[in-house]
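>>> One predicted model, sequence on top.
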Amino acid sequence: MPQGRVAANGVGETLHLLQQQRGGHLKNRPVMTPQQVDSYWQQPHNSGDETQVAQADSLPGLSVVRDEPLPDIKTHFFSRPENKTAWPDSQSALHRQLPGQPVQHAVLSRIYAEEGGLVQDPHGSAVGGITAGTLKELQEKDLLSGLLENAKPRDLVPDQQVQVYRAFLDHGFRNAGGAKALEQLDPDLAHAVADAMFMHGSSGGIKFVQQAIQRSGIDPEIEVDGGMGPQSFAALKKANGDPKLRDALQTAIVEQRLGSREWEPGEIDRISRARPGAWKR
């Protein structure tokens, strides 16, 4: 294999192994894709540049992506014997699937934790929050590739779960630039929007967001139509640029969700973790 290159079937495996074994300054380094490594070695550089390969955040266009910590309330769940590998496996999958995309990494980490990882919903067939209907719909819209036509939620490995999550957000944000638009938002605000979509359906969740945009005065004239278009996303960006306004919008999103019906205690806890800073506690 040519110097400095990574095989297409081994994206960042060496770095992941070193991170697990050594930690330290390697612990929070992002995983480089084969294309990013190849691009580096194809550019002129001197011997002093060699050290920059270990400092992945110094490479052009690559943001540092850190593992998302579990909140205390989820530690017990993911420490059970049947779940003990689920969280680290999900983090590895997110690094592989979303290199240099820290906001989506944080958001989908939280969604994965809230939806129970690889555990099947005791009240249905959903696994990791992915229903058979959602999976089929995304496949019919040609938003997923590489999955068997008759794949079931229980068949999905962490990398495929991430692909489904990403496809769901891509479709929901299709008129605002796709899931990558979330990279323009603070992770907490992006999580508040995405969690509403995952828990209440894409259209239902976006309606809560639009109602909150009205309620917080960011855009009183916004239409509550359940579609994340340019006007809705512009309102999110406006709030994102002002910490006080951002916190007000997040709080309003939570209050709109909580006030929509009677919820079970666990559901109230989940919705409440979308408040400003709540996930970190």
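All right, it came through fine. Since we're looking at a predicted model, the values are computed, not measured. Numbering: from 1, shown residues only.

>>> Spatially central, which residue of this structure would that be?
In the chain, the centroid-proximal residue (CA atoms, centre = their mean) is residue 108; its distance is 2.4 Å.

>>> which residues touch it?
Neighbour list for residue 108: 94, 98, 162, 165, 166, 194 [criterion: CB atoms under 8 Å, 6 or more residues apart in numbering]. Every C-beta, even on glycine, is put in place using the N, C-alpha and C of the backbone.

>>> okay, and for this protein, where does confidence drop off?
Filtered on pLDDT under 70, the chain yields the residue ranges 1-63, 281.

>>> rerun that using 50 as the cut-off
Within the chain, the stretches with pLDDT under 50 are 1-31, 33, 35-60.

>>> can I see the domain layout of it?
13-58, 72-280 (automatic domain parsing).

>>> Point out the most buried one among the ones you listed.
domain 72-280 (a mean of 18; mean count of other CB atoms under 10 Å).

>>> Could you give the separation between the terminal residues of that domain?
Terminal residues of domain 72-280 lie 9 Å apart, using CA to CA, to the nearest Å.

>>> Stretch 142-156 now?
End-to-end distance for stretch 142-156, by CA to CA: 17 Å.

>>> for it, the distance to its chain's centre please.
19 Å (CA atoms, centre = their mean, to the nearest Å).

>>> what kind of secondary structure is residue 160 in?
helix (DSSP: H, G, I helix; E, B strand; the rest coil).

>>> where does the nearest residue to it once chain neighbours are set aside land in three-state SS?
Leaving aside its sequence neighbours, residue 160 sits nearest to residue 147 (CB to CB, 6 or more residues apart in numbering; 6.4 Å). Three-state assignment for residue 147 (three-state DSSP): coil.

>>> Confirm for me that residue 147 is in contact with residue 159.
No - counting by CB atoms under 8 Å, residue 147 stays clear of residue 159, with 10.8 Å between them.

>>> Compare the domains of the chain and give me the one nearest residue 66.
When the domains of the chain are compared by CB to CB, domain 13-58 sits nearest residue 66, at 4.4 Å.

>>> and the residue lying closest to residue 178 once chain neighbours are set aside, what element?
For residue 178, ignoring the flanking residues on the chain, the nearest one in space by CB to CB, 6+ apart is residue 170 at 4.6 Å. Per DSSP states H and E: residue 170 is located in helix 158-172.

>>> Taking helix 158-172 as reference, get the angle to the helix or strand just after that helix.
Going down the chain from helix 158-172, the next helix or strand is helix 187-200, by DSSP H and E. Interaxial angle, helix 187-200 versus helix 158-172 (axes from the mean of the first three to the mean of the last three CA atoms, to 10 degrees): 90 degrees.
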